[in-house]
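[1] generate coordinates for the sequence data below:
(one chain, ligands or ions: 2)
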Amino acid sequence: MNVALRVTAEFPPPDLLGAPSRTRDRPCRPIGAAVPGNDPMLPDGRAFRHPGRSIGHREATPRPRRGVVQRIAGRDLIERIPRAATGGYWWAMRPRFFPLLVNGRTGDPALHVDLPMERRALMFDLGDVSRLPPRAALRLSDVFVSHTHVDHFIGFDQLLRLLVGREKQLRLHGPSGFADRVEAKLRAYTWNLAASFRADLVLTVTEMHSRGRGLRTQFRLTRGFAREADEAVALADGVLRAEPSLSVRAAVLEHRTPCLGFALEEPEHVNVWPNRLAEMGLAPGPWLAGLKAALFRRMPDETPIAAMGPGGTRHLPLGVLRERAVSITPGQKLAYVTDAAFTPENRAAIVALARDADILFIEAVFAARDAALAVRRAHLTTAQAGGLAREAGVARVEPFHFSPRYGGAEAAMLAEVEAAFRGA
Ligand SMILES: [Zn+2]
Ligand SMILES: [Zn+2]
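    Numbering: from 1, shown residues only. Ligands and ions are numbered 1, 2, ... in the order given. This next block holds a predicted model:
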C-alpha cells in the first residue's frame, strides 16, 4: 500500500478557466493570473487568498471536512484529520467546486463555478460576461439566473453569440416569467438562416415557481428558436437539478420580483481509512466500490460485503466496515444569494438555503449606514449579509454586488461584513 500523501500544499487546483483533465500533475496557478483583476475565489482557503481581501472562516468548531487526501492504488481517497493538525482552514477533500466571480465584488453578478472532475461548469447569474474566456463559457452546462434585472441577465446575449454555430445543449434556470424573457431575447434577432446550420444549439429553460411547481420549455437554433411546448414540471423541495454528483436547489426570494437564491451541493463522501483496513487484514481494491455503493444506498448493517485482503475474501457485515474502516463526511456546499430584501421571510429562506455551506456568496450592496436605502431598493447591507452568513453557520462568506457608490471602499465594506459574520 502506498503511504499517505498530504496534498493540501501541493495539490494543484485545476486551471480554472479551461480545467484540464489531469489537474493533479499541474503546478498551482492562482486564478487571478488567469483573469487579471479577479478576486481569487477558490474555496481553498490558503493558496489563493489575497491577504486581506477574502474574508473569514470562523475559528470556532472544527468542521468534519478537513483532512488529507490519501493516494491508494492510484486513487485518491480522503481521510479526516483533526483541524489542529492542519494549522488552518482548508478543504478536507479535493475541492470539487471552483467558484469565480467573473466581475469581482463590484461588477455585474456572474459566478462561474468550474467542476473540473466533470469537465464542465455552472454559472450563477449572467451579468456582463465579456471577461469570461470563451473556453470557460463553452464549459457551461447549466446557467442559474436569479432574476432578470439587466445587471444579472445582459450576458445572455454574449453567451448566445458564442454558442451559436456549436453543437451544444445548455440548460437555463430562472424564476417565474424567465422563459418569456429568454424568448424575448431570442426574438430580438433574425434567424432566417438557422435551418442551414449543421450544429444545433438547444436551450432548455426551466422556471421555478413557488410551492414546488415549475415550467419547462425548449428553444433550438435549427428551428429558428421557436418556442416549443411548455411542460409543467414538479420541483420538489426546490431542486432544479438532481444528478448523482451534485444537486442545485433554489429558494424563491422577494426582491419586489421573484428572485432565486441557490445552493449547490454534492452528496456525502465515504472516506476509507487504509490503516484501519490493514488492521482488519484487508487491503484497498475494487471491492471498496461495492462498499461505498452499499453505504450510499443506506443498506442494513447486516448486509454482507465481500471484503478483500492478503488472506483472501471475507464477508463482513456492512455495519462493521462502516464503524471500523470508513468515515462519512458531508459533501461540499456552495450557496449563492443575491438581490433580496431584508424581510423576515427572506431571512428565514436564506438561512435555510445556506445552512452549513462551505462558502456563501451573498450580496452586500449597501454599507451598513445606508440601511434605509437598502430597504427602498430591496437589497441587503454588509451587516445584514454578514449576519445572515453567521446565522446560517457557513464556513466562509464572500460578499459581492457592492454598489459602485462605494468605489475605493471595498476594504471597509469587507470589514463590515466580517464584523457581522464574527458577531462583533
Ligand atoms: Zn435586482
Ligand atoms: Zn442586482
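[2] C-alpha from now on. contacts and neighbour counts both.
    Fine.
[3] touching, residue 224 and residue 197? I think so.
    No - Residue 224 lies out of contact with residue 197 (C-alpha atoms under 8 Å); the separation is 10.2 Å.
[4] comparing those two, which residue is more hemmed in?
    When neighbours are counted by other C-alpha atoms under 10 Å, residue 224 and residue 197 differ, and residue 224 comes out ahead with 17 against 14.
[5] helices of this structure, residue ranges please.
    Using DSSP state H, the helices assigned to the chain run over residues 31-34, 134-138, 150-153, 155-163, 178-187, 274-279, 287-296, 318-324, 344-354, 371-377, 382-392, 410-421.
[6] as a markdown table, those with mean neighbour count and mean pLDDT would be great.
    As requested, the helices of the chain are arranged in a markdown table below (neighbours: other C-alpha atoms under 10 Å; pLDDT from 0 to 100):
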| stretch | mean neighbour count | mean pLDDT |
| --- | --- | --- |
| helix 31-34 | 16 | 30 |
| helix 134-138 | 17 | 93 |
| helix 150-153 | 18 | 98 |
| helix 155-163 | 16 | 97 |
| helix 178-187 | 17 | 98 |
| helix 274-279 | 16 | 90 |
| helix 287-296 | 16 | 86 |
| helix 318-324 | 17 | 92 |
| helix 344-354 | 19 | 98 |
| helix 371-377 | 15 | 97 |
| helix 382-392 | 26 | 97 |
| helix 410-421 | 20 | 95 |
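[7] any chance of those helices in a markdown table, with distance to residue 98 too?
    As requested, these are exported to a markdown table (distance: least, C-alpha to C-alpha, whole Å):
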| stretch | distance to residue 98 |
| --- | --- |
| helix 31-34 | 10 |
| helix 134-138 | 12 |
| helix 150-153 | 20 |
| helix 155-163 | 20 |
| helix 178-187 | 27 |
| helix 274-279 | 28 |
| helix 287-296 | 25 |
| helix 318-324 | 30 |
| helix 344-354 | 17 |
| helix 371-377 | 30 |
| helix 382-392 | 20 |
| helix 410-421 | 21 |
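[8] for residue 125, which of these is the nearest?
    Of all the helices of the chain, it is helix 150-153 that lies closest to residue 125, at 5.4 Å by C-alpha to C-alpha.
[9] so what secondary structure elements neighbour that closest one?
    For helix 150-153, there is no helix or strand it packs on, judged by 3 or more C-alpha pairs under 8 Å, 6 or more residues apart in numbering; DSSP states H and E.
[10] CA-only coordinates of it in CSV, if you can.
    This file holds the C-alpha atoms of helix 150-153, laid out as CSV (Å, rounded to 0.1, in the frame of the first residue of the first chain):
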residue,chain,number,x,y,z
VAL,A,150,-30.4,43.8,-16.5
ASP,A,151,-27.2,43.5,-14.5
HIS,A,152,-28.0,39.8,-14.0
PHE,A,153,-29.0,38.9,-17.5
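[11] list the contacts of that helix.
    By C-alpha atoms under 8 Å, 6 or more residues apart in numbering, the surrounding residues in contact with helix 150-153 are 108, 109, 110, 125, 126, 127, 128, 145, 146, 147.
[12] skipping its backbone neighbours, what lies nearest the first one in space?
    What sits nearest to residue 108 in space, not counting adjacent residues and going by C-alpha to C-alpha, 6 or more residues apart in numbering, is residue 127, at 4.8 Å.
[13] would you agree that neighbour is in contact with residue 111?
    No - contact status for residue 127 versus residue 111: not in contact, 9.1 Å apart, counting by C-alpha under 8 Å.
[14] buried ones in stretch 111-130, by neighbour count?
    Neighbour-count burial for stretch 111-130 flags 111-117, 120-129 (criterion: 16 or more other C-alpha atoms under 10 Å).
[15] among those residues, which ones are in strands?
    Within those, residues falling in strands by DSSP state E are 111, 112, 113, 114, 115, 120, 121, 122, 123, 124.
[16] can you add pLDDT and distance to residue 346 and give those residues back as TSV?
    Conversion of those to TSV gives the following (pLDDT from 0 to 100; distance: C-alpha to C-alpha, whole Å):
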residue	pLDDT	distance to residue 346
111	96	21
112	94	24
113	94	24
114	92	28
115	91	29
120	95	31
121	96	28
122	97	24
123	98	22
124	98	19
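[17] and of the residues you listed, the nearest to residue 310?
    Of all those, the one sitting nearest residue 310 is residue 115; the distance, using C-alpha to C-alpha, is 36.8 Å.
[18] so what's the closest one bridging to?
    Assessed by DSSP bridges, residue 115 has beta-bridge partners residue 120.
[19] contact partners for it?
    Residues in contact with residue 115, defined by C-alpha under 8 Å, 6+ apart, are 96, 97, 98, 121, 122.
[20] go with 7 Å
    Contact analysis of residue 115 by C-alpha atoms under 7 Å, 6 or more residues apart in numbering lists 96, 97, 98, 121.
[21] can I get those in TSV including distance to residue 381?
    Putting the contacts of residue 115 into TSV (distance: C-alpha to C-alpha, whole Å) gives the following:
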residue	distance to residue 381
96	30
97	27
98	26
121	29
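[22] okay, and which of those map to strands?
    98, 121.
[23] and the residue lying farthest from the centre of the chain, what's its pLDDT?
    Distance to the chain centre peaks in the chain at residue 311, reaching 43.2 Å (criterion: C-alpha atoms, centre = their mean). Listed pLDDT for residue 311 reads 86.
[24] backbone torsions only: list them for the residue lying closest to it once chain neighbours are set aside.
    Using C-alpha to C-alpha, 6+ apart and skipping the chain neighbours, the partner closest in space to residue 311 is residue 281 (7.4 Å). Comment: the main-chain dihedrals of residue 281 come out as phi 70, psi 30, following degrees, to the nearest 10.
[25] give me the number of residues near residue 281?
    Residues within reach of residue 281, counting by other C-alpha under 10 Å, total 15.
[26] cool, residue 297 as well?
    9.
[27] for residue 165, see how far away it is.
    Between residue 297 and residue 165 the computed distance is 42 Å (C-alpha to C-alpha, to the nearest Å).
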